[in-house]
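K.L.:
Provide a 3D model corresponding to the input given below.
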Amino acid sequence: MSQSHSQSARQALSARRILCLHTGCHRWFKTASGLKHHKSSFHNYSFHESGLPLHSPPAGPAEGQKCDSNGQYIDPNSPLPPLFERSSNDWGPYGSRLRFETAEFIFREAEMSASRIDKLCHLWGHSSSGGQPPFTDHKELYKTIDAMEVGDVQWNTFKLKYNGERPADNIPPWTNSEFHGEFDYSPYRDFTTGDSKRRFENFMSGDWAWSQADAIARDPSMHGATFVPIILGSDKMTVSVATGQNDYWPVYLSVANIHNNVQRAHCNGVELLAFLAIPKGSRMAKKYTDDPVFRRFKKQLFHVAMSKILGSLKACMMVPWVMKCPDNHFHRVICGIGPYIADYLEQVLISGIVQNWCGRCTASPDDLDAGRPPRMAELMRAVIEELQASAAWDEWGIDANVVPFTEDFPRANICQLLALDILHQLIKGGFKDHLVEWVGKYLELVYGKAGAKEQLADIDRRIAAAPPFPGLRRFPDGQGFSQWMGDDSKALMKVYIPAIEGHVPSDIVRTFHAFLEFCYIVRQNVITEDTLSDLKMALDRFHRYRENFRDVGVRIDGFSLPHQHSLVHYGALIRLFGAPNGLCMSITESKHIVVVKRPWRRSSKHNALGQILWTNQCLTQLAAARADFEARGMLLEMSGMTEGLNDGEDEDERAGIVDERPVLAHSDVKLARCHACGHARSVPALAIELGVPMLPRLIGQFLYEQLHCEPISSPSHPCCLPVFAGPLKVFHSATATFVSPSDPSGIGSMRCEMIHAIPTWHCGPARYDTIFVSMDDTADGMLSMEVARVLSFFSYPCALIHWFERIADEPDELMGMWMVKPSFVEDGTKNLSVIHVDSIVRNAHLLPIFRRERVPPYINLHNSLDIYHSFYVNRFADHHAFELAS
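P.N.:
Numbers count the residues shown, from 1 in each chain. Sure thing, here's the model as predicted:
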């Protein structure tokens, strides 16, 4: 980096200097990219249209009009009905705040067993303070939670049995058996400002909800009703392989009116609806597992059970029900079956198709990408009526013995309602099961089994050498997982491309590049017509470059694979259902942990289902009680005990999801709460400790620029620089909080991460993180920022950094990533600066550029930044980095 570049780099003063000029908005941003993303998310649309047909009366189903408790429409500006019948100091069966928070901590947070609860109560009662415990034992605690009326929804069971023909003898054993402000009340269409192009975000911005509202509007009695689509999801799971057959089949329910940011934040937007039966043959009747009659029975059992479970909602799909909604007003609600979230095997079951066929189009499994018309419910009915079952199976991929449960409900077309499945179709299927496996097969074809192991070992060492980054799983053994999980696949995607460079042909690397581009584009929070064009181009590149796997002999039979074929439907399904990051299998899978796995672990493991249901009921009651108490203003202040606990938290534990909304600043960086002990307190002593003799001059330049709001004209002459003679405090970390709606985040789409500059991290080697520094307000992406490495934080607040410089003026064509290297001045010393922490945007993730170089065994995640001399700026580190480092 040249001296002039060094001067311009130090113009990074306070990054809070770009103001959103939209009327009524007072947000500040560090980069033009941040302002651009904010506008596209909150202001970049010209108008909403309701789904009301022009020929209909003024009040239509898409308007979601308010009404009273009797269903009579009222003035939209009418005041809220009385919210609470109880006083603000009525704690219900808990009696006091202490008893409620104790119950919540013991049951929901600590998840204590009954015996541990009894022990805690016993110790509490015999403490030196002599105070009485809030509960005498676990029985009183459980009874108190159970007595809370809010959230008390009882579970029901029903039995289904096989009524088909039975053999005269040898009968098979299996035949014996809080969203106010985050809720849309009408479908709408968003258009970008200026060019009036469509933009898709929340579910109700899609065309499906619009068309459903049009269909409902044909009935005049429905006018003014609020359309509420019911989203369903299911996924079989095993809670313990070691202890036998502990399989469960939960079904989840949500409503599509809830905004995507609420769904991603897991704010009780998805609820457990039911557990489906899993019919199995006994140990003595394994031979019936492949019995066609048994398989048919299992399919029919699923659809009959789903019809029964949803039967209570059918009346609300034909006649509006009066319900109180998140705005605390009454609305006349009309429901409808919405998208179903499931993996491919369950999509086969749900839609009644044959495995390896597509549930959305009629393409043959021999050539799925040939392009065939979409499946329609009317077509499936006609095929079943006109053709023999065998012909329907072979020629159309339709199982004539299955009647989808959606046939029992109005306006439900299961062929249209199969939701996108980013987790299984893209991450687990397309990436892990296909592309990563194909790389291994390619290496075996070229190098033989022994040679392939050597190549894979070097790839593993490259993966293990990836520097640490917030939220990135560490890979001490590379990709050698004993059992692949969804999070493993997601983490490997972020660091895989540079690891295979030089081991595989360039077109295979381009295949991964195009596939990852597709995966990251599709997860954007707002998708416009331009985004859909980018998505289509990424898909076209992927289809073109994946042919290399056919050319080298890995995929001689081609690419007719359901998971990869599903990519061609993403554009159309985004138009139907909005941005898919609120309608993803990851949301239901994360729910598994809360409603199945944790309750199972705290159960006795004997007949655990009833205990799981009871635990979920108690958790629901606790959540409802907290919402009720908060709404009445009874839980606004944090207790002193809670504050004391927070003060002692590890800094790393406070990183992650932020359950707040952005106020003025779109992102913010703050030093750690406590300074580090044992460091020098004066500037000269700190310069010696850090090994940076020019530290006094760097601090003087920083102070000059802060005082004069301009770069110093001649940094080589220190006579004009102010001298700082006061004490300094050194900090080992800072917290960056920013808006990142496409990554795991809170209800306000915010998350935070730690930036470390610490000589020993978790009693191990040092960790000095790399960061993005805001530089140019007028440019976008990487052109608006520089990359640097933090060497120390100290009080002002400011940071001592080592600059990196770009190797080229554009991203690398093969990887799609910018390349940087450490910057040095003419005398060979590091190009250092002191900057204000407000000019820091967030962490940057750098991956070494290996090319064909082998990785020595002594290189690891702790020293790779010090040993290698050139790096890729990893735009696949997370979805925020993907948009930031473009």
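
K.L.:
so what pLDDT did Leu492 get?
P.N.:
With respect to pLDDT, Leu492 scores 89.

K.L.:
whoops, I mixed them up, Asp477
P.N.:
Asp477 is given a pLDDT of 69.

K.L.:
let's check: the centremost residue of this structure is which one?
P.N.:
Central residue of the chain (Cα atoms, centre = their mean): Pro744, 4.3 Å from the mean position.

K.L.:
next, that one: secondary structure please.
P.N.:
Under the three-state scheme (DSSP: H, G, I helix; E, B strand; the rest coil), Pro744 adopts coil.

K.L.:
so it sits against Asn261, correct?
P.N.:
No: with contact defined as Cβ atoms under 8 Å, Pro744 does not reach Asn261; the gap is 11.3 Å. No exception for glycine: its C-beta is placed from N, CA and C like everyone else's.

K.L.:
the nearest residue to Val790 once chain neighbours are set aside: helix or strand, and which one exactly?
P.N.:
Closest residue in space to Val790, ignoring its immediate chain neighbours: Ala757 at 4.3 Å, by Cβ to Cβ, 6 or more residues apart in numbering. For Ala757, the element it lies in under DSSP states H and E is strand 750-758.

K.L.:
following that strand, which helix or strand comes up?
P.N.:
By DSSP H and E, the next helix or strand past strand 750-758 is strand 767-768.

K.L.:
name the helices or strands packed onto that next one?
P.N.:
Strand 767-768 is packed against strand 750-758, strand 785-794, with contacts defined by 3 or more Cβ pairs under 8 Å, 6 or more residues apart in numbering; DSSP states H and E.

K.L.:
tabulate those strands in CSV, adding columns for mean pLDDT, distance to Glu810 and mean neighbour count.
P.N.:
Shown next, in CSV, are the helices and strands packed on strand 767-768 (pLDDT from 0 to 100; distance: least, Cβ to Cβ, whole Å; neighbours: other Cβ atoms under 10 Å):
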stretch, mean pLDDT, distance to Glu810, mean neighbour count
strand 750-758, 91, 27, 23
strand 785-794, 95, 15, 25
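
K.L.:
which stretch among those comes nearest Thr588?
P.N.:
strand 750-758 (21.1 Å; Cβ to Cβ).

K.L.:
show me how far the closest one is from its chain's centre.
P.N.:
19 Å (Cα atoms, centre = their mean, to the nearest Å).

K.L.:
give me the pLDDT for Gly429.
P.N.:
89.

K.L.:
scratch that, Thr289 is what I was asking about
P.N.:
On pLDDT, Thr289 comes in at 68.

K.L.:
try the one 3 residues further on
P.N.:
The model reports Pro292 with a pLDDT of 82.

K.L.:
got it, and Gly194?
P.N.:
Taking Gly194 on its own, its pLDDT is 76.

K.L.:
and it, how close does it get to Thr528?
P.N.:
12 Å (Cβ to Cβ, to the nearest Å).

K.L.:
quick one, which of the two is more surrounded?
P.N.:
Per other Cβ atoms under 10 Å, whichever of Gly194 and Thr528 has more neighbours is Thr528, with 21 against 8.

K.L.:
that one and Thr193 touch, don't they?
P.N.:
No: counting by Cβ under 8 Å, Thr528 stays clear of Thr193, with 11.2 Å between them.

K.L.:
shaky segments in the stretch 601-750 of the chain?
P.N.:
636-667, 712-719 (pLDDT under 70).

K.L.:
how about the strands of the stretch 151-300 of the chain, start to end?
P.N.:
190-191, 198-200, 226-234, 237-238, 247-248, 250-255, 271-275 (DSSP state E, counting those that start in this stretch).

K.L.:
which of these comes out lowest on mean pLDDT?
P.N.:
strand 237-238 (a mean of 80).

K.L.:
just how off-centre is it within its chain?
P.N.:
21 Å.

K.L.:
for it, packing partners?
P.N.:
strand 247-248.

K.L.:
which outside residues touch the strand it packs on?
P.N.:
The contact list for strand 247-248 (Cβ atoms under 8 Å, 6 or more residues apart in numbering) reads 236-239, 275, 278, 596, 600, 609, 612.

K.L.:
the same query, at a cut-off of 6 Å, please.
P.N.:
Contact with strand 247-248 is made by 237-238, 278, 596, as judged by Cβ atoms under 6 Å, 6 or more residues apart in numbering.

K.L.:
what of stretch 789-802?
P.N.:
Counting by Cβ under 6 Å, 6+ apart, 671, 728-731, 734, 757, 768-771, 788, 830, 832-837 sit against stretch 789-802.

K.L.:
now do the contacts for Leu445.
P.N.:
Gly553.

K.L.:
please apply the same query to Lys236.
P.N.:
By Cβ under 6 Å, 6+ apart, the neighbours of Lys236 are Trp249.
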